[in-house]
Structures are given as C-alpha cells and as structure tokens.
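S.K.: Build me a model from this:
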Amino acid sequence: MALEVEDGTGKSNAESYISVADADAYFALRSGNEWAVTWAAIASDDLKESALRDATEFMASRYGLRWKGDRVSADQALDWPRECVEAYGFSLASDAVPLTVQRVCAEYAARASTGSLQADVGAQVKQETVGPISVTYADGARQTTAYKLLDAKLSPYLQGVGIQVVRA
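M.R.: Model (predicted):
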C-alpha cells in the first residue's frame with residue numbers, strides 16, 4: 001500500500017511527514033553518516049515506508065502533547081500542520097510541515113529500521129555476568145534509548161523547551 005504523506009493540508013489519512021523519495025534525497029546528502037548508510041541498506045521501498053510509518057507514530061507518542069500551536073483541523077491524522085507556531089522568531093505557515101520535522105522523521109525511520117524505537121521495558125537489571133565478565137549498573141540507570149540530537153533539532157517547535165528571548 002502506498003505511503004500517504006502529509007502535504008500541509010491536514011489529510012485525514014496521512015501516515016508520514018516525509019516521502020521515501022525525500023528521505024532518500026536527505027540521506028544521499030549525508031553519505032557516510034551512520035544512519036544514511038543504514039537507510040541506504042534497506043532492501044525495498046515497502047520496508048522504508050514501514051519505517052516511516054513507525055517513525056511518525058513514534059513522533060506522535062513522544063512529542064504529541066508538546067508541540068507548539070494547535071492542529072489546523074480536528075480531522076487531520078497527524079500533529080502537523082499546525083497554526084499559531086513561532087520558531088526562530090518567525091511565524092510558521094499553517095499549511096506546511098516544517099522541513100526539520102520532515103528530516104527528523106527520516107532520522108527516526110532509519111533508526112526504526114533497525115529495531116523498535118519504543119521497546120517495552122522490563123525490570124531493571126542491576127548486575128549481569130556473562131562468563132568471566134561482570135557489569136553492575138547504577139541505581140536508576142536508564143534502560144531506554146535517549147534521542148538527544150533529534151530532541152534538540154525539534155526543540156524550537158516544542159513548548160517549554162529552552163529559553164525564550166524577547167527583544168525590546
């Protein structure tokens with residue numbers, strides 16, 4: 001089934017913020033980058049579409065309640081497009097998905113192609129022994145993956161992130 005990409009009109013059936021072709025072009029400019037290599041190794045467009053769907057769903061669960069502004073329609077499937085959003089001191093168009101959001105979706109898709117972005121977490125392991133090697137983890141050590149770079153890229157589009165500077 002063909003991937004339905006959000007085009008800024010607030011589609012009720014959109015499944016991704018970026019197309020396979022646009023994700024391919026994005027990663028082609030980053031040849032040698034770990035995730036560009038991962039993306040290029042995906043065997044088919046069907047698998048890339050699946051990864052883009054997973055990435056978009058992950059973005060909804062991770063950022064859905066934190067995006068600035070409001071959805072433009074109650075019927076739209078995805079969180080973007082949005083209205084009343086300012087980033088970098090500019091008002092964003094309410095009929096588009098920001099390029100950064102599209103690119104971060106591609107980045108998450110590359111990661112999704114190698115495993116779950118949001119795997120279930122079981123009981124925390126405090127100590128592991130495999131053969132002669134023993135490792136003890138700190139109390140409260142994180143057992144999930146942190147996507148700090150991607151979070152930082154999206155921070156201008158999220159509420160309550162960073163410090164707002166107002167010029168008088």
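
S.K.: Please make it C-alpha for all contacts and neighbour counts, starting now.
M.R.: OK.

S.K.: so where do the helices sit in the chain?
M.R.: 20-28, 34-40, 45-63, 99-112, 148-154 (DSSP state H).

S.K.: Out of the ones you listed, which is closest to M1?
M.R.: Of all the helices of the chain, it is helix 45-63 that lies closest to M1, at 8.1 Å by Cα to Cα.

S.K.: which other residues reach the closest one?
M.R.: Residues from elsewhere that reach helix 45-63 (Cα atoms under 8 Å, 6 or more residues apart in numbering): 2-3, 15-20, 39, 42, 78-79, 105-106, 108-110, 112-113, 117-118, 158.

S.K.: Now A106: closest residue in space that isn't a chain neighbour?
M.R.: A23 (5.5 Å; Cα to Cα, 6 or more residues apart in numbering).

S.K.: any idea how far that neighbour lies from E86?
M.R.: Distance of A23 to E86, computed by Cα to Cα, to the nearest Å: 25 Å.

S.K.: picking that back up, could you identify which of the helices of the chain is most buried?
M.R.: For those, average neighbour numbers computed from mean count of other Cα atoms under 10 Å are highest in helix 99-112, which has a mean of 21.

S.K.: next one: that helix to chain centre, how far?
M.R.: Offset of helix 99-112 from its chain centre (Cα atoms, centre = their mean, to the nearest Å): 5 Å.

S.K.: do the same with stretch 83-98
M.R.: Its chain's C-alpha centre and that of stretch 83-98 lie 18 Å apart, by Cα atoms, centre = their mean.

S.K.: Against G69, how distant is the nearest residue to E86 once chain neighbours are set aside?
M.R.: Spatial nearest neighbour of E86, excluding adjacent residues (Cα to Cα, 6+ apart): L92 at 5.8 Å. Plainly put, L92 is 10 Å away from G69 if you go by Cα to Cα.

S.K.: Which neighbours do the two have in common?
M.R.: Residues touching both L92 and G69 (Cα under 8 Å, 6+ apart): 83-85.

S.K.: Around D75, how many other residues sit close by?
M.R.: Per other Cα atoms under 10 Å, the neighbour tally for D75 reads 11.

S.K.: Find the nearest non-adjacent residue to it, please.
M.R.: Of all residues not flanking D75 in the chain, S12 sits nearest, at 5.5 Å (Cα to Cα, 6+ apart).

S.K.: Ok, W67 next?
M.R.: Per Cα to Cα, 6+ apart, closest to W67 is L158, 4.4 Å.

S.K.: who's in contact with the one you found?
M.R.: By Cα under 8 Å, 6+ apart, the residues touching L158 are 63, 66-68.
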